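Chemist: Generate a structure from the sequence data that follows.
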Amino acid sequence: MTGRKKECYSLASIANAIGGTLVGEPEILISGLCSLQKASPDKLSFLSNRAYKHYLKTTSAGAVIVSNDDQLLFSGNKLISEDPYLAYALASKLFVDSPKFLSGIHSSANLHSSVSLPKDVFIGPNVVIEEDVVIGHRCQIGSGTTIGARTVIGDECSTSANVVIDKDVTLGDRVKIHSGAVIGADGFGYAFDGEKSIKIFQLGSVRIGDDVEIGAQTTIDRGALDDTVICDGVKIDNQVQIGHNCHIGKHTIICGCVGLAGSVTLGAYCVMGGGSGAVGHITLADRVQVSAMSLVSQSISEAGRYSAGTVQMKTRDWKRATMRFKELDSLAKRLKRLERD
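Modeler: Here you go, the predicted structure:
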């Protein structure tokens, strides 16, 4: 079976789309994006991390997006940008193989009679939609998705296969949810009566703003009392756990395998690095960046970069350092005694 032929773009048209300055042949045709190492003459590449600058000497790319500072490192066709990584992001939109927009309801879908949806919505195979759900224009609901009662979904939202959106959830416009994500499951709340754990029923829900993207297998729990809130423009990677009553500020980035305990507040434009976490009931100010695998154990009131944990080293050195770490308290006490003497 023959696939759909991908469109090519002249270098001049790409420069116009990304706002770059073209140096070289404007009519050269580009069929896609590729890394510096593997690019062919019909591909566009980019340099945003200078650790890869040595590949500029050997790349076969038809053109490269570079910064003004790095333009002299490459003698071929180039697009000069103040931010090559942002320019690469803009260029990627030209070459994405977007699925064709569909409309209609698959015969195997199970919709409650009270569901409200316009004619320009697509409902895929084996979708289940419960009572009083409202779905906006041009939404695409992927196969096997379940949408709980009284959920409201804005315009131009999409779910991939097997997404679960529980009852009373609200989604803004242009929300994209990837396969296996669960939105609105019960938060993890229990009270101990001395013998056993007593469940705290989760009475809130989840509110998601506009232009949010949620990765595969991510879970966002409903609030215990108030709602869990994900503000406009937030991007959440795969396999992230967001506990009940968290509040994620606008345009924050949460990388893969992050875990946020209940009632964490992240400000706007924060970044949580991969595998990082935060204990419950703390607040991070706007524009805080947390390094990968760091644990945030107290509130952060100033913007900036924060890290926790030990640096990589050979195992024998790490073992030695760990033993010395255990001795710090006694060393500090000995030092105080020496200072008094």
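Chemist: which residues are contacting the strand or helix carrying W318?
Modeler: W318 belongs to helix 315-326 when elements are defined using DSSP states H and E. For helix 315-326, the external contacting residues (C-beta atoms under 8 Å, 6 or more residues apart in numbering) are T310, M313. No exception for glycine: its C-beta is placed from N, CA and C like everyone else's.
Chemist: how far does that helix sit from the chain's center?
Modeler: Here helix 315-326 shows a centroid-to-chain-centroid distance of 35 Å under the convention C-alpha atoms, centre = their mean, to the nearest Å.
Chemist: repeat for stretch 90-103
Modeler: The chain centroid and the centroid of stretch 90-103 are separated by 19 Å, computed with C-alpha atoms, centre = their mean.
Chemist: now stretch 110-118
Modeler: Between the mean C-alpha position of stretch 110-118 and that of its chain there is a distance of 30 Å (C-alpha atoms, centre = their mean).
Chemist: Could you give the backbone dihedrals for the residue most central in space within the chain?
Modeler: With distances taken as C-alpha atoms, centre = their mean, the chain has I236 as the residue nearest its mean C-alpha position (2.8 Å). The phi/psi pair for I236 (degrees, to the nearest 10) reads phi -120, psi 130.
Chemist: And it, how far from E7?
Modeler: As for I236, its distance to E7 is 31 Å (criterion: C-beta to C-beta, to the nearest Å).
Chemist: Check P41 too.
Modeler: P41 is 17 Å from E7, where distance means C-beta to C-beta.
Chemist: Of those two, which one has the most company?
Modeler: When P41 and E7 are compared on other C-beta atoms under 10 Å, the one with more neighbours turns out to be P41, at 14 against 10.
Chemist: ok, for that one, nearest residue in space, not its chain neighbours?
Modeler: G62 (4.7 Å; C-beta to C-beta, 6 or more residues apart in numbering).
Chemist: What residues does that neighbour make contact with?
Modeler: For G62, the set of contacting residues under the criterion of C-beta under 8 Å, 6+ apart consists of L11, I28, I30, A39, S40, P41, D42, K43, L44, G76, N77.
Chemist: Mind doing that once more with 10 Å?
Modeler: 11, 24-25, 28-31, 34, 39-45, 76-77 (C-beta atoms under 10 Å, 6 or more residues apart in numbering).
Chemist: Please apply the same query to Q37.
Modeler: Contacts here follow C-beta under 10 Å, 6+ apart; on that basis Q37 touches S45, Y52, Y55, T58, T59, S60, A61.
Chemist: Between these, which sits nearest I253?
Modeler: I253 has its nearest neighbour among those in Y52, at 22.2 Å by C-beta to C-beta.
Chemist: Correct me if wrong: the closest one contacts L36.
Modeler: Yes - Y52 is within contact range of L36, at 5.9 Å (criterion: C-beta atoms under 10 Å).
Chemist: Looking at the two, which is more packed in?
Modeler: Just comparing Y52 and L36: by other C-beta under 10 Å the higher neighbour count belongs to L36, 21 against 15.
Chemist: which residues does that one contact?
Modeler: Residues 43, 45-47, 52-61, 64, 74 are the ones in contact with L36 under the rule C-beta under 10 Å, 6+ apart.
Chemist: The residues you listed, buried ones only, as a PyMOL selection?
Modeler: Paste this into PyMOL to select the buried members of the contacts of L36, with burial taken from 16 or more other C-beta atoms under 10 Å:
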select buried, resi 43+45+46+47+55+56+59+61+64+74
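Chemist: what's L90 in contact with, if anything?
Modeler: With contact set as C-beta under 10 Å, 6+ apart, L90 has these partners: I14, A17, I18, G19, G20, I65, S81, D83.
Chemist: Return the subset of those lying in helices.
Modeler: When DSSP state H defines the helices, the subset of these inside them is I14, A17, I18.
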